[in-house]
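sequence and predicted structure are below.
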Amino acid sequence: KNSFHLEVVPKRNTFFHFVFLFLREINTEQIMKILHTADWHLGQTFYEYSRYDEHVRFLDWLRRQIKERKIDVLLVAGDIFDGPNPSAESQRLYYSFLRRVTAECPALQIIIIAGNHDSAARLEAPNPLLEEMNITVRGVVKRDADGDIDLAHLIIPIYKPGAGRSQADININDIAAFCLAVPYLRQGDYPPAENYAQGVQTLYRQLFAELRDEGKPVIAMGHLQATGSEISDDDRSERTVIGGVEGISPDAFDAQIIYTALGHLHRPQRVSGRENVRYSGAPIPMSFSEKGYRSSVVMVEYEEDKTQIHQIDVPPYVRLLSIPDRPAVLEEVLEAIHELPDGEINARSPYLEVKIQMTEPDTSYKYKIESALQGKSVRLARVVAVMPVQKESGLRAVSYEELRGIRPLDVALDYYKRKYDEQEMPAAMKELLQEVISEAGKE
């Protein structure tokens, strides 16, 4: 329609033609562009290998995407660091990225929440300085003098480009949208409820109710495991501290919320088929079980009640290889190693997982594998040796790695079923046991 209008504008109406173009440009600028990412896990050591170079590459790529796509808001949905006490090198990488991206994109607003791997207090500590750079971090759920949750602390205004930032300058017309910046919630961080899932859902509903009459778009953030999401059976790194009773229904996010940016699960995905409730996924694979994941970030464009969502793939920097696909005897493993490319090992050499089927005790297999890998351009990360045993239950581990991955709650549930003739553990007992496991995990 606009193109047709331009074709019929007479030359003598050049002034109106330029006015039209100007107004069209203003309309284009009203589109709000949001970029959603999560689960960076800065500082992660992949077995004995540092992921520093990979994280540098990703953050440089992310900075370029923000600049080239003219992003207005960057949402980082938790697990910034791989642990609560990140190294100086990891923190330097994180703050260097924030400084560079805000210097290159002065109008950019950044909202960050803590994940279950982060130290909430540590992440929030620099807030007075970061807020000067238009960066807001939420890690701690604050309470007022009466013990009630400070809901306003978790509601972040998203400003129109060029709007004032100081409280004296701000009015409702400067605000383009609101963000419910909810960090990873631990026991006691949510309103009183029968269980964790209900408490989390209640908090989101209370926050949205605070904004119901504002007439502005609402975005939600969270670091949690939503029901209807996919998690790898072999990957324990995605599971939260409190085990299998923590699944949050996507109904916790009101249908009027234009987009919900989630973190915690490393596979990019929609939740329960809801197009606007998503995990961005981790930008680099965190384990061999994630080697088939499509690493990505999500861009959301919002304009006048219309939302467009685009998944942007993160270019892979280092590959993860598993040979063979299934555990095989040593002779077959050595043949597969022989087919690997020759060359020097460098920062882009793939990480390698070798899976061997043991038919009898053999203490020399690791030496034989390492010898066969001499001159191959791969980095050996781990060797998984399994023994063919008869599984008595779904939890019987056949390797040390599998044994390490079993959750205490799974052990208890399996034991209960075998002891009481396949009956399921009562929900109340399951929840009580989970609280004990959760408290023990904090020690």
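That came through fine.

show me where pLDDT drops low in the stretch 101-250 of the chain?
Where the stretch 101-250 of the chain drops to pLDDT under 70, the residues are 162-171, 230-246.

all helices of it, in order?
Ranges of helices in the stretch 101-250 of the chain, per DSSP state H, counting those that start in this stretch, are 120-124, 127-130, 196-211.

in the last one, what's buried?
Pointing back at helix 196-211 there. For helix 196-211, the neighbour count (16 or more other CB atoms under 10 Å) marks 196, 197, 198, 199, 200, 201, 202, 203, 204, 207, 208, 211 as buried. Every residue, glycine included, has its C-beta placed from N, CA and C.

do the same with the second one
Within helix 127-130, the residues that qualify as buried are residue 130, counting by 16+ other CB under 10 Å.

I'd like the numbering to begin with 33 instead of 1 from here.
From this message on, residue numbering opens at 33, which makes the last subject helix 159-162.

who does it touch, helix- and strand-wise?
For helix 159-162, the packing partners by 3 or more CB pairs under 8 Å, 6 or more residues apart in numbering; DSSP states H and E come out as strand 167-170.

out of the helices of the stretch 133-282 of the chain, which gets nearest to residue 442?
Counting by CB to CB, residue 442 lies closest to helix 228-243 out of the helices of the stretch 133-282 of the chain; the figure is 17.6 Å.

who does the closest one touch, helix- and strand-wise?
So helix 228-243, by 3+ CB pairs under 8 Å, 6+ apart, packs with strand 187-191, strand 207-213, strand 250-255.

rerun at 10 Å
Judged by 3 or more CB pairs under 10 Å, 6 or more residues apart in numbering; DSSP states H and E, the packing partners of helix 228-243 are strand 187-191, strand 207-213, strand 250-255, helix 459-473.

in JSON lines, list the ones you listed along with mean neighbour count and distance to residue 386.
Below are the helices and strands packed on helix 228-243 laid out as JSON lines (neighbours: other CB atoms under 10 Å; distance: least, CB to CB, whole Å):
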{"stretch": "strand 187-191", "mean neighbour count": "20", "distance to residue 386": "47"}
{"stretch": "strand 207-213", "mean neighbour count": "22", "distance to residue 386": "43"}
{"stretch": "strand 250-255", "mean neighbour count": "26", "distance to residue 386": "34"}
{"stretch": "helix 459-473", "mean neighbour count": "14", "distance to residue 386": "31"}
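
okay, the ones you listed in JSON lines with distance to residue 81 next?
Shown next, in JSON lines, are those (distance: least, CB to CB, whole Å):
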{"stretch": "strand 187-191", "distance to residue 81": "37"}
{"stretch": "strand 207-213", "distance to residue 81": "33"}
{"stretch": "strand 250-255", "distance to residue 81": "26"}
{"stretch": "helix 459-473", "distance to residue 81": "27"}
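
quick one: residue 332 and residue 62, what's the gap?
Residue 332 sits 15 Å away from residue 62, going by CB to CB, to the nearest Å.

what about the two, which has more around it?
Neighbours were counted for residue 332 and for residue 62 using other CB atoms under 10 Å; residue 332 has more, 22 against 12.

and the helix or strand harbouring the more buried one, C-alpha only, in CSV?
According to DSSP states H and E, residue 332 maps onto strand 328-335. Extracted in CSV, the C-alpha atoms of strand 328-335 (Å, rounded to 0.1, in the frame of the first residue of the first chain):
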residue,chain,number,x,y,z
SER,A,328,20.8,-20.0,19.5
VAL,A,329,19.4,-16.7,20.8
VAL,A,330,15.9,-15.4,20.2
MET,A,331,14.9,-12.0,18.7
VAL,A,332,11.5,-10.6,19.5
GLU,A,333,10.0,-7.7,17.5
TYR,A,334,6.9,-6.1,19.0
GLU,A,335,4.8,-3.4,17.4
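
following that strand, which helix or strand comes up?
Once strand 328-335 ends, the next helix or strand along the chain (criterion: DSSP H and E) is strand 338-345.

what is that following strand packed up against?
Other helices and strands packing on strand 338-345, by 3+ CB pairs under 10 Å, 6+ apart, are strand 64-69, helix 84-100, strand 301-303, strand 306-311, strand 328-335.

rerun that using 7 Å as the cut-off
strand 306-311, strand 328-335 (3 or more CB pairs under 7 Å, 6 or more residues apart in numbering; DSSP states H and E).
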